[in-house]
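Peer 1: predicted coordinates and the sequence they were generated for:
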Amino acid sequence: MRVLSNELFLYAQPQRTRFIPVYAQVRRLHQSSGHRNLDGQKDINKQTISNGFTPMAGDKSKSNQAAVPRPSASVLLVSPQNQVLLLQRVKQSSSFASAHVFPGGNVSEFHDGRAPEPASAERHVDSEVYRKAAIRETFEESGILLARNAGFGRLIEVPEAEREEGRKLVHSNKVPFEQWLAQKGGRADIDGLLPFTRWVTPTNVPKRFTTQMYIYFLPTLSGTPLSANGQPNSNAEDFEPEVSIPTPTTDGGVEHTTARFLPASVWLRLAQEGRIILFPPQFFLLHQAAQHFDNLTAPTAYGSITRDTVPREELEARRKRLVDFIKSGSPPWTEKCISPTVQPPRGGKRRQDGRVVLGLERPGPELEAAKLGRKGHLEDCVLLDFRKEGPRRVAVISREEAMQPESKI
């Protein structure tokens, strides 16, 4: 078995990173600072938040009152070859500068409908509003339309020039996304989104978000369509031509500088080599996806992925295993709500490797106060080294192992 060579890692070119200064005494987790207001208008820096997590920040406002989490959505978009799309944020971003993120952003009332009020427990529950926001932001940020043809039910195909014009119209709020889609004969494929955790920003930061994460599978491609039993069908004339999936493109440098699909394990390996920056939600969810997509020799052996071509039947089988995993557990991953918290060192001693332990078991105060029974993830933690440019030496390990003072992992 051939392991993935270093050449594949060159597909993601390293870039200099530039982040906002960080207060040395503070270890904060918070959401990206460019926001779309609920009325659809963007803030002056013209950036949207995405991904349910923010870099470290200073103390929150002097009022000592926690900010209300703003609703947002993000998508793990899976290519026909089971690779995951990440976008690299612009260097000029006031936060997440140069980091790689999933496509996503804030709910816009203008495009997506009104999110539940802050006092409502439904604000933290998957709904059509969040799904519309996820699909719209994916289109704005990558040019890929997660929409079905209104007449035939297959993914809609829009010429590139029309797509680019639509991205600008929707981004600038000149036309509602749903209306633009209808003009092209399509409808947002909200049923194709599978919830894959929710992330709530901790209360110790000034700007907070409640972000619904989804996973979406673009159709696998093959010269010979599959039959109902998953075997190649020799009578290909009975099937429609395969959908053409456009290559993801950036938004022209407004928010992102690169957009590309790579295997989840490759993204993780690039982060561990210091070639890219991944924040905990991205790293954690990519880690989960890699266990099912990349046939690793060990859970964290990200470099053991092979470059061999995977048959379409196996691509589909791996997708099914991931979906079964997401729907499993107590609570299932579709219902997990995670508000990362820095864990105190066991016995009062710091870890020898200097990394911080993030616990993932708490759902956040809003969910706890609502007594909905929502829970986070108890079994694993995230390790990371907080640095000025962002998190480094990120890893996912068991909670028991992470809390060991003498661990050198």
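Peer 2: Yes, it's here.
Peer 1: when you work out contacts or count neighbours from here on, use the C-alpha atoms and nothing else.
Peer 2: Will do.
Peer 1: next, the contact list for residue 284, please.
Peer 2: If you count contacts by CA atoms under 8 Å, 6 or more residues apart in numbering, residue 284 has them with 382, 396.
Peer 1: got the phi and psi for it?
Peer 2: Per-residue torsions, residue 284: phi -60, psi -50 (degrees, to the nearest 10).
Peer 1: measure it to residue 360 for me?
Peer 2: According to CA to CA, to the nearest Å, residue 284 and residue 360 sit 10 Å apart.
Peer 1: now do the shared contacts for those two.
Peer 2: residue 382.
Peer 1: give me the distance between residue 393 and residue 67.
Peer 2: In terms of CA to CA, residue 393 sits 30 Å off from residue 67.
Peer 1: quick one, what contacts residue 269?
Peer 2: Here residue 269 is in contact with 302-303 (criterion: CA under 8 Å, 6+ apart).
Peer 1: list the residues that contact the closest residue to residue 357 other than its chain neighbours.
Peer 2: Of all residues not flanking residue 357 in the chain, residue 383 sits nearest, at 4.9 Å (CA to CA, 6 or more residues apart in numbering). By CA under 8 Å, 6+ apart, residue 383 lies in contact with 355-358, 393-397, 402.
Peer 1: what is the nearest of the residues you listed to residue 117?
Peer 2: residue 358 (29.2 Å; CA to CA).
Peer 1: hey, what's the closest one bridged with?
Peer 2: Per DSSP bridges, the residues bridged to residue 358 are residue 342, residue 382.
Peer 1: neighbours of it, just the number please.
Peer 2: 23 (other CA atoms under 10 Å).
Peer 1: list just the nearest of the contacts of residue 383 to residue 119.
Peer 2: residue 358 (27.3 Å).
Peer 1: surely that closest one meets residue 338?
Peer 2: No: with contact defined as CA atoms under 8 Å, residue 358 and residue 338 do not form a contacting pair (10.8 Å).
Peer 1: show the average pLDDT along the helix or strand encompassing residue 292.
Peer 2: For residue 292, the element it lies in under DSSP states H and E is helix 280-293. Mean per-residue pLDDT for helix 280-293: 97.
Peer 1: so which residues of this structure form helices?
Peer 2: Remark: helices assigned in the chain by DSSP state H are 6-9, 109-112, 128-142, 160-171, 177-183, 264-272, 280-293, 312-326, 365-370, 399-402.
Peer 1: shaky segments in the stretch 301-409 of the chain?
Peer 2: 405-409 (pLDDT under 70).
Peer 1: now the stretch 1-150 of the chain
Peer 2: Using pLDDT under 70, the stretch 1-150 of the chain drops low at 1-64, 90-97.
Peer 1: go with 90
Peer 2: 1-67, 89-99, 119, 121, 150 (pLDDT under 90).
Peer 1: neighbours of residue 323, just the number please.
Peer 2: 18.
Peer 1: next: residue 242.
Peer 2: Quick note: residue 242 (other CA under 10 Å) scores 15 neighbours.
Peer 1: ok, and the closest non-adjacent residue to the most centrally placed residue in the chain?
Peer 2: The centroid of the chain falls nearest to residue 102 when counting by CA atoms, centre = their mean (3.8 Å). Nearest residue to residue 102, sequence neighbours excluded (CA to CA, 6+ apart): residue 86, at 5.0 Å.
Peer 1: hmm, that neighbour is touching residue 103, no?
Peer 2: Yes: counting by CA under 8 Å, a contact exists between residue 86 and residue 103, whose distance comes to 6.9 Å.
Peer 1: who's more crowded, these two?
Peer 2: Per other CA under 10 Å, whichever of residue 86 and residue 103 has more neighbours is residue 103, with 29 against 26.
Peer 1: how many residues are close by residue 328?
Peer 2: If we define neighbours as other CA under 10 Å, then residue 328 has 12 of them.
Peer 1: what residues sit buried inside stretch 104-118?
Peer 2: 104-113, 115 (16 or more other CA atoms under 10 Å).
Peer 1: CA atoms only for stretch 78-89, dumped as PDB, please.
Peer 2: Output in PDB follows, covering the C-alpha atoms of stretch 78-89 (Å, rounded to 0.1, in the frame of the first residue of the first chain):
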ATOM      1  CA  VAL A  78     -18.100  16.700   0.100                       C
ATOM      2  CA  SER A  79     -16.900  16.400  -3.500                       C
ATOM      3  CA  PRO A  80     -17.700  13.400  -5.800                       C
ATOM      4  CA  GLN A  81     -14.400  11.900  -4.700                       C
ATOM      5  CA  ASN A  82     -15.200  12.400  -1.000                       C
ATOM      6  CA  GLN A  83     -12.900  15.300  -0.500                       C
ATOM      7  CA  VAL A  84     -13.900  18.300   1.600                       C
ATOM      8  CA  LEU A  85     -14.100  22.000   0.500                       C
ATOM      9  CA  LEU A  86     -12.200  24.600   2.500                       C
ATOM     10  CA  LEU A  87     -11.800  28.300   1.800                       C
ATOM     11  CA  GLN A  88      -8.800  30.400   2.900                       C
ATOM     12  CA  ARG A  89      -9.800  33.700   4.400                       C
END
